[in-house]
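>>> Sequence plus predicted model, see below.
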Amino acid sequence: MSESTKKGQSHLGFWRRLFVFLGSMELAIILLLTLAIASIIGTVLQQNQPYADYVIKFGPFWFEVFEQLGLYDVYSALWFLAILALLVISTSVCVIRHFPMMVREMWQLRTNVQKKSLRAMRHSVQWQTGASLQNTIAVIQQQLKLSGFRSRQTVKQDDAVLVSAMRGGMNRLGYLFTHIAIVVICIGGLFDSNLPLKLAEWRGDIKIETRDLSVSEIPEESRLAVGNNGFRGTVSIPEGRAAEVAFLPVRDGYLVQALPFRIEVKDFRIEHYPNGQPKSFESDLVIHDPMLESPLEETISVNHPLIYRDHAIYQASFSDGGSALTLDAWPLDSRAGTEPVAIEVKVYETRQMLWGEEMMQLEMTGFRPFNINPDPTEDNPKNLRDFGPNFTFKLRSQTGEAREYENYMFPVLRDDREYFLSGVRNSPAESFAYLYLPVDEDGSLKQFLQYAALLRDEGVVTKVANTMMLEALSMLPERDTALENSLQQTLQTLINMFVRGGFDEVRDFIENSLPDAERDNLAPAYLGMLREMLARIYFTMDGNDAQDVSNEQLLFLQDAVDAIGTLSRYGAPVFLHLTKFEHVQSTGLQIAKAPGKNVVYLGCALLIIGVFLLFYVPQRRLWAWVEQQEGGLTEVILAGATNRNPREFDSFFSAQQAVLMASTGNSFDQPGS
Amino acid sequence: MTTNIQSMIKPVGHTWWWHGLLLLAVIGLLTAYHDVFDVYEVSILIFTGFSMAFVGNQWPEFRVHAIAVAILSLFAIQLYGSDLAAAEVNGLLQYILASQSAIMWMSVFFIAATLAYFGGLIFRSAYTEKIGTSFTWIATTFGMTGLMVRWRETHMMGADIGYIPVSNLYEVFILFAVITALIYLFYERRYQVRSLGGFVLLVISAAVAFQLWYAFERNAHEIQPLVPALQSYWMKIHVPANFIGYGAFAMAAMVGVAYLLVNWRMQKNPSASLVKSMPPLSMMDDLMYKSIALGFAFFTVATILGALWAAEAWGGYWSWDPKETWALIVWLNYAAWLHMRMTKGWNGVPMAWWAIVGLFVTLFAFLGVNMFLSGLHSYGGL
């Protein structure tokens, strides 16, 4: 029997001890600091990135370890939530433990104080006055009231009365407010967190979708019905279209949240400052809801969301909404023809193209009507210039390899000459390398392409090579057929090599195929011959006369040769030139529902009020022990205490003392300890 | 002591004229701008009036400062007219009052004040320390005037460009210097101690040095229009509240440095001259607590204002964005500090060290996040 009692007691003791431990200051401070340190992780490691990026960054082993630790979404990781929960519990216990005491402290005037203890206080003073006991008390209470004190008198003995006074009891309210605020904020945050989703996922009610599907294809188990849950999702809606779902990003996938209304986008606009920086992003929305008599029209912009039925709709981003583009495909390879072919495509469209003998997949990836970038021809990088519309696309060969291109609609000016600009890269990690295609007098690529075609034209090359060979060997006294054939062959090969791989290929040939001894002599000769051939072929074109050559023509030749020399690295059989476009934009909306928001805001208000009460309303207590003395004198013992700012209380107490002494008409001044 | 007591009981001087002036200023601004202000901006203006009345009530020098800033700024705006180019023609603007010139003067006077304070401390000259105080006031006035004039300049750049100049890293550095100096000056008067001036001004001088580098090396002083996300009235309250926090934390840390230095000398030689000329340890300890409390209160407000703004601009009051998270880390750190101090009664050396560590945490939240981490709050990149 006694044993079981003992057991029960120790049991009780454990819970009691746990309670005390949870509410202890040590635990609170450890939790505050642990939370601070744990929070750092998520700021150093970028959160919620595509998982493939993490694999590349950390390697498969560490990727797995970090994933298990939940580091890619630290702030929803179980262990992080546990720390938060522990902090909330600790704070709650602390509040529960101190609540009665704080409320008491806030209201109660301490009346059961002894004369001795008043004398022993750090702030204590005593004096005598000729006024009567009652008068003195009345004056003291009057003065205290003027100083903002609440006071009460208690009769201690027949001839002594204690006046207890207090000011700033709200300080204790500050303690309660700040601590309750933390609990309230965390609970409010819980309503808006993705914890319910996590639970539903564990129960197997929902499944994260990771494939790239159209809305109608997404399976039921990845859809969330309209409900009371909080969420934050995004949706991209092209102009003139509508949506009634939002996509919630979850780890490496997403869920589809149904909305209780349909959002139609009429128009999306970007306005610019005079210097070209964007000034505003706006969307004209129409909300269709059976609950509405007529659709609700509203314009939203950054910092000005639309709040409708507890859903906040934000302007978050924008992208292309499937602009219609008309392109001219100029064949860079004469095998694909010599005339441009017009094609009509839409952004995000994928199409199989047969260019020459090559089958390629054209994937349109983007279009931008402006490109306001630093002007490379100016020194100050802050001088911006509009480079006009451009579009991006990928060309995927049959083996599945893709290159990405970026073509500008209008020619750009470099050293006073115009070029069509096309960037190319093999992977998104690289930056674009640009191909400069020289523009002819008509503003087209005709001349350039004609020239490129001539270089591939065996008849032309043979003829020019023959003429050049004969001229070169004309000084020989006798014709040497072997030499003639060899030179003719060399000239033709040089051109073929150049067309195939530019100057690089020619240089490789010189490096690898010529005997070491002769290389130094022959290399300049070979390059000279190549240049001569290139020029001669150029002058076979209509309107070009080798005898009467203008500087422009020479420069054009130079540019054309440079461009053809790099074509092999360009990798596309055509140059796609944008001739017409119809811009369709898509607005990126963020849609959020936060049922706990008002709870959080209430907590925030409590926190602010609490903090200021705590720091700037010191709780001050004063006691005046008024005692009838012999000879008609009245003795006053004034004592005081505070819980904040003792330094200021020194002067405050002195001031109170001076005022009270003066008003009670003291005769004998006996400063206390 | 008697004067001190008097000052505790009575309000400092008669301040009816101060309230009258503020009322006039608020009414004047409301009449001038009522058609461009929205309800939030009107509220912020009235709130500013009340706060200035409150601060001015307890602090006569602040009233002089505010009036000087008002007069200088209005004068500069008058000189400008509607032409930004006036800054290159008018000598007064060019050399003194155009925002960039005023900010340069601010820099000069802050550095001079630092030297004066330390000079006064080393040579034990009260007079030199007083010069330090005057210089700090002059620098603060120039800095504030510079910001005010810059505000006008942003509006002169073109329609719709105007913004409150606390919107980029360059501008907030000026704000930081000015606010830290004001907080210091307040406590200097409250505690009647000038010997801490050099220490606090040291952190201001560091900010000034950075801001000069930033202007000369990166042309950061050029006015650029705001990105859409920053066009909000929240800017007017979120940023100043934040910098009261940062300024107070910076001051606490510098007082911590002084504390440790004096404590160290004291152990070696209790009658060392540094120990004699510096305030008692208990006072520095108290001052450290006061500034951290002030900083914590305003940092709490600023973080909450930031959350409210985020709810409007980013679509959620809390996104665990690096800036938000670091604000939380700073907050948690000082919350722990205050618990230690208020409930556990810790003080002295460990708390001084902790206050200094706190400044580094704050510094990372302020600058480091922008420099090393990416996120939504990437407005003030270097």
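Received, thanks.
>>> Centre-most residue in chain B?
For chain B, the residue nearest the mean C-alpha position is B:Ile179 (1.3 Å; CA atoms, centre = their mean).
>>> For that residue, list the residues it contacts.
B:Pro240, B:Phe243, B:Ile244, B:Tyr246, B:Gly247 (CB atoms under 8 Å, 6 or more residues apart in numbering or on different chains). (Each C-beta comes from the backbone N, C-alpha and C, glycine too.)
>>> backbone phi and psi for it, please?
Backbone torsions for B:Ile179, taken as degrees, to the nearest 10, come to phi -70, psi -40.
>>> Name the nearest residue to it, sequence neighbours excluded.
Closest residue to B:Ile179 apart from its sequence neighbours, by CB to CB, 6 or more residues apart in numbering or on different chains: B:Gly247 at 4.1 Å.
>>> Now do the helix or strand containing B:Gln211: which elements does it pack against?
For B:Gln211, the host element (DSSP states H and E) is helix B:197-218. Contact here means 3 or more CB pairs under 8 Å, 6 or more residues apart in numbering or on different chains; DSSP states H and E; on that basis helix B:197-218 packs against helix B:99-122, helix B:126-156, helix B:169-191, helix B:235-268.
>>> Name the residues that touch that helix?
The contact list for helix B:197-218 (CB under 8 Å, 6+ apart) reads B:100, B:103, B:106-107, B:110-111, B:113-114, B:117-118, B:120-121, B:129, B:132-133, B:136, B:169-170, B:173-174, B:176-177, B:180-181, B:184, B:188, B:220-221, B:250-251, B:253-255, B:257-258, B:359, B:382.
>>> Let's see the PyMOL selection covering just the buried ones among the residues you listed.
In PyMOL, this line selects whichever of these come out buried by 16 or more other CB atoms under 10 Å in any protein chain shown:
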select buried, chain B and resi 100+103+106+107+110+111+113+114+117+118+120+121+129+132+133+136+169+170+173+174+176+177+180+181+184+188+220+221+250+251+253+254+255+257+258+359
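>>> just to revisit the earlier point, by neighbour count, which of the contacts of B:Ile179 wins?
The residue in these with the most neighbours, by other CB atoms under 10 Å in any protein chain shown, is B:Gly247 (28 neighbours).
>>> from what I can see that residue touches B:Gly295, true?
Yes. Counting by CB atoms under 8 Å, B:Gly295 is a contact partner of B:Gly247 at 7.4 Å.
>>> and the stretch 51-200 of chain A, which of its residues are near chain B?
A:Val74, A:Tyr75, A:Gly189, A:Asp192 (CB under 8 Å from any CB of the partner chain).
>>> Give me the three-state assignment for the closest residue to A:Gly366 other than its chain neighbours.
Distances taken as CB to CB, 6+ apart put A:Thr392 closest to A:Gly366, at 4.4 Å, once the chain neighbours are dropped. Under DSSP: H, G, I helix; E, B strand; the rest coil, the three-state class of A:Thr392 is strand.
>>> what's across from A:Thr392 in the sheet?
Assessed by DSSP bridges, A:Thr392 has beta-bridge partners A:Gly366, A:Glu406.
>>> how near is it to A:Ala402?
Look at A:Thr392 and A:Ala402: by CB to CB, to the nearest Å, they are 12 Å apart.
>>> try A:Asp53
Here A:Asp53 is placed at a distance of 19 Å from A:Ala402 (CB to CB).
>>> How about A:Pro515?
Counting by CB to CB, the gap from A:Pro515 to A:Ala402 is 42 Å.
>>> of the two, who's got more company?
Shown here are A:Pro515 and A:Ala402; by other CB under 10 Å, A:Ala402 has more neighbours (16 against 7).
>>> Ramachandran angles for the more buried one?
With angles defined as degrees, to the nearest 10, A:Ala402 sits at phi -130, psi 140.
>>> pretty sure it is in contact with A:Phe393, am I right?
No. Counting by CB under 8 Å, A:Ala402 does not reach A:Phe393; the two are 9.8 Å apart.
>>> who touches both of these two?
Residues within reach of A:Ala402 and of A:Phe393 at once, by CB under 8 Å, 6+ apart, are A:Glu363.
>>> so where's the stretch 151-300 of chain A uncertain?
Applying pLDDT under 70 to the stretch 151-300 of chain A flags no residue at all.
>>> Next, the buried residues of stretch B:76-89.
By 16+ other CB under 10 Å, the buried positions in stretch B:76-89 come out as B:Ala76, B:Ile77, B:Leu79, B:Tyr80, B:Ala86, B:Ala87.
>>> Give the buried residues for the longest strand anywhere in chain A.
If you go by DSSP state E, chain A has its longest strand at strand A:253-272. Neighbour counts over strand A:253-272 (16+ other CB under 10 Å) mark A:Tyr254, A:Leu255, A:Val256, A:Gln257, A:Leu259, A:Pro260, A:Phe261, A:Ile263, A:Glu264, A:Val265, A:Phe268 as buried.
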